[in-house]
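# following is a predicted model, sequence given first.
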Amino acid sequence: MKKVFVRKIAVLLAMCIMMAGLAACGTEIQSGQGSSKNEDDKLQIGMCFDSFVIERWQRDRDIFVSMAKELGAEVNVQNANGDVEQQKKQIDYFIKEGMDVIVIISIDSEALKDSVKRAKDAGIKIIAYDRLISNANVDLYISFDNEKVGELMAETIAKECGDAGKVIKICGSPTDSNVHMVEAGFDKVITEKGYEILDTFYAEGWRAELASDYVYNNMELIMEADAIMCGNDDLASKVVHALSEKRLAGKKLVVGQDADLEACQRIVEGTQLSTVYKPIEKLAQQAAECAVKLAKGDELDSENLSTYFDGTYDVPFFRIEPSIVTEKNMNEIIIGTGFHLKEDVYLNVPAKMPD
């Protein structure tokens with residue numbers, strides 16, 4: 001009997017130890033679930049890029065992500081590599097993941113209306129970053145004054161050409177809404193000056209090699225032109241390269257936008273007339289701040305907002321002003337703001353480097 005009693009006591013002790021162990025395990029599981037919930041409560045922002053072919057997009061991404069993290073949000077960045085169907089799938093993925101806000105750098109301004117509607121129906125806020133999404137009623141469109149960009153390009157050409165001039169336009173992707181805004185601003189000034197537009201070309205998908213192909217295949221028009229307007233500095237780089245091969249670099253006025261480092265180098269070297277500086281840091285930081293406010297359900301600062309007609313709706317618009325950059329104001333606008341280093345800008349012409 002004594003042995004049986006001892007055996008029962010041992011079994012009871014073993015059961016108590018087992019129950020204590022299970023209780024401890026249960027506490028760890030709950031702790032894990034609590035941690036997961038905290039992660040879920042963190043603001044979630046999806047950011048869908050056209051591609052990273054254009055130099056500036058990587059800078060936009062880094063600044064936006066850094067600012068959003070400072071404000072307590074996590075950012076999931078996706079790259080559609082120029083494929084609009086892929087971009088639609090990425091937006092659907094963000095909807096499935098329950099993002100609070102989706103920031104879209106659209107490939108095709110006309111193609112994402114239905115994707116945006118699905119996201120908004122799911123209670124997700126939408127920001128059209130840099131490029132408008134047409135007929136979609138986004139919660140915010142934040143960009144530069146793109147018509148002003150075109151006006152600045154044209155005005156710079158006019159200062160050099162005087163009362164008469166002939167111009168070729170090598171624009172970006174025709175599905176990018178900004179392209180047509182820039183073109184409208186450019187054409188307005190060019191028409192007022194009475195200049196002749198010899199030809200207009202659109203580089204599908206912003207493929208820069210198409211710009212050099214145009215130069216090679218249209219040398220008669222190139223020879224006749226006084227100036228070439230390029231949709232961005234990446235296109236301008238290929239145009240200047242093609243002109244160099246024909247010994248025309250510096251003889252034809254070339255303008256671009258984005259203030260890429262190589263464009264700034266070409267300006268001080270004398271092979272590109274100008275670029276347009278757009279304060280990317282301000283755009284990306286402001287977009288991140290607005291994204292966090294929208295995610296929290298806070299009102300945006302109405303003092304800085306206007307509206308823009310997207311083809312169907314008047315949408316909130318946050319506009320940032322651009323600046324023209326030439327050799328004369330390179331130090332003030334580019335180097336003085338820290339956008340590029342002086343040593344990098346004047347890398348190929350150190351003799352021109354200011355003290």
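Perfect, thanks for sending it.
# please count neighbours and contacts with C-alpha atoms only from this point.
Noted.
# could you list the low-confidence segments of the stretch 151-300 of the chain?
For the stretch 151-300 of the chain, no stretch has pLDDT under 70.
# typo on my end, the stretch 1-150 of the chain
For the stretch 1-150 of the chain, applying pLDDT under 70 flags the ranges 1-40.
# please enumerate the helices of it.
2-41, 56-70, 84-96, 113-121, 146-161 (DSSP state H, counting those that start in this stretch).
# now the strands for the stretch 201-350 of the chain?
227-230, 253-255, 275-277, 306-309, 314-320, 323-325 (DSSP state E, counting those that start in this stretch).
# will you turn the ones you listed into CSV that also has distance to residue 142 and mean neighbour count?
As requested, these are exported to CSV (distance: least, C-alpha to C-alpha, whole Å; neighbours: other C-alpha atoms under 10 Å):
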stretch, distance to residue 142, mean neighbour count
strand 227-230, 23, 26
strand 253-255, 24, 27
strand 275-277, 16, 25
strand 306-309, 10, 14
strand 314-320, 5, 20
strand 323-325, 17, 22
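# can I get the ones you listed in JSON lines including distance to residue 202?
Conversion of the strands of the stretch 201-350 of the chain to JSON lines gives the following (distance: least, C-alpha to C-alpha, whole Å):
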{"stretch": "strand 227-230", "distance to residue 202": "10"}
{"stretch": "strand 253-255", "distance to residue 202": "16"}
{"stretch": "strand 275-277", "distance to residue 202": "19"}
{"stretch": "strand 306-309", "distance to residue 202": "24"}
{"stretch": "strand 314-320", "distance to residue 202": "25"}
{"stretch": "strand 323-325", "distance to residue 202": "23"}
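# ok, which of the ones you listed comes nearest residue 115?
Nearest of these to residue 115, taken as C-alpha to C-alpha: strand 314-320 at 17.0 Å.
# show me what that closest one is packed against.
Judged by 3 or more C-alpha pairs under 8 Å, 6 or more residues apart in numbering; DSSP states H and E, strand 314-320 is in contact with strand 140-144, strand 306-309.
# Throw these into JSON lines and include distance to residue 61, thanks.
Shown next, in JSON lines, are those (distance: least, C-alpha to C-alpha, whole Å):
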{"stretch": "strand 140-144", "distance to residue 61": "15"}
{"stretch": "strand 306-309", "distance to residue 61": "24"}
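# which of these sits closest to residue 285?
Comparing the helices and strands packed on strand 314-320 by C-alpha to C-alpha, strand 140-144 comes nearest, at 11.1 Å.
# that closest one versus strand 314-320: what angle between them?
30 degrees (axes from the mean of the first three to the mean of the last three C-alpha atoms, to 10 degrees).
# and strand 140-144, what other elements does it pack with?
Secondary-structure packing of strand 140-144 (3+ C-alpha pairs under 8 Å, 6+ apart): strand 125-129, helix 280-296, strand 314-320.
# deepest of the ones you listed, which one?
strand 125-129 (a mean of 25; mean count of other C-alpha atoms under 10 Å).
# alpha carbons of it, as CSV, please.
What follows is strand 125-129, C-alpha atoms only, in CSV (Å, rounded to 0.1, in the frame of the first residue of the first chain):
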residue,chain,number,x,y,z
LYS,A,125,-6.3,56.1,-49.0
ILE,A,126,-4.5,56.8,-52.4
ILE,A,127,-1.8,59.3,-53.1
ALA,A,128,-0.8,59.9,-56.7
TYR,A,129,2.9,60.7,-56.4
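# pull the distance from that strand to the chain's centre.
12 Å (C-alpha atoms, centre = their mean, to the nearest Å).
# partner strands of that strand, with direction?
strand 101-104 (parallel), strand 140-144 (parallel) (DSSP bridges).
# can you give me the helices for the stretch 151-300 of the chain?
177-193, 209-217, 219-224, 233-245, 261-269, 280-296.
# nearest to residue 101, out of these?
Residue 101 sits nearest to helix 280-296 of all these, at 6.0 Å, using C-alpha to C-alpha.
# got the angle between the closest one and strand 125-129?
Going by the same axes, to 10 degrees, helix 280-296 makes 170 degrees with strand 125-129.
# ok, and what's touching helix 280-296?
43, 45, 59-61, 63-65, 67-68, 71, 73, 100-101, 103, 125, 127, 129, 142-144, 299-300, 320 (C-alpha atoms under 8 Å, 6 or more residues apart in numbering).
# and if we set it to 7 Å?
Applying C-alpha atoms under 7 Å, 6 or more residues apart in numbering, the contact partners of helix 280-296 are 43, 60, 63-64, 67-68, 100-101, 125, 142-143, 299-300.
# what's the domain layout of the chain?
Domain segmentation of the chain under automatic domain parsing yields 41-138+280-321, 146-278+324-352.
# show the end-to-end separation of the first one, please.
Chord length of domain 41-138+280-321, first to last residue, is 36 Å (C-alpha to C-alpha, to the nearest Å).
# now swap in the last one and tell me
With C-alpha to C-alpha as the measure, domain 146-278+324-352 spans 32 Å from end to end.
# just stretch 127-144 next, same as before
With C-alpha to C-alpha, one end of stretch 127-144 sits 14 Å from the other.
# repeat that for stretch 48-55.
16 Å.
# can you give me the buried ones in that stretch?
48-51, 54 (16 or more other C-alpha atoms under 10 Å).
# likewise stretch 79-96?
For stretch 79-96, by 16+ other C-alpha under 10 Å, it's 79-80, 82, 84, 87-88, 90-92, 94-95.
# can I get that stretch in CSV? Just the C-alpha atoms.
In CSV, the C-alpha atoms belonging to stretch 79-96 read as follows (Å, rounded to 0.1, in the frame of the first residue of the first chain):
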residue,chain,number,x,y,z
ASN,A,79,8.8,48.1,-58.4
ALA,A,80,6.6,47.4,-61.5
ASN,A,81,9.5,47.6,-63.9
GLY,A,82,7.5,49.6,-66.4
ASP,A,83,4.8,46.9,-66.7
VAL,A,84,1.3,48.4,-66.1
GLU,A,85,-0.3,44.9,-65.5
GLN,A,86,2.4,44.2,-62.9
GLN,A,87,1.6,47.5,-61.3
LYS,A,88,-2.1,46.6,-61.1
LYS,A,89,-1.2,43.3,-59.4
GLN,A,90,1.0,45.1,-56.9
ILE,A,91,-1.9,47.4,-56.0
ASP,A,92,-4.2,44.4,-55.6
TYR,A,93,-1.5,42.9,-53.3
PHE,A,94,-1.5,46.0,-51.2
ILE,A,95,-5.3,45.8,-51.0
LYS,A,96,-5.1,42.2,-49.8
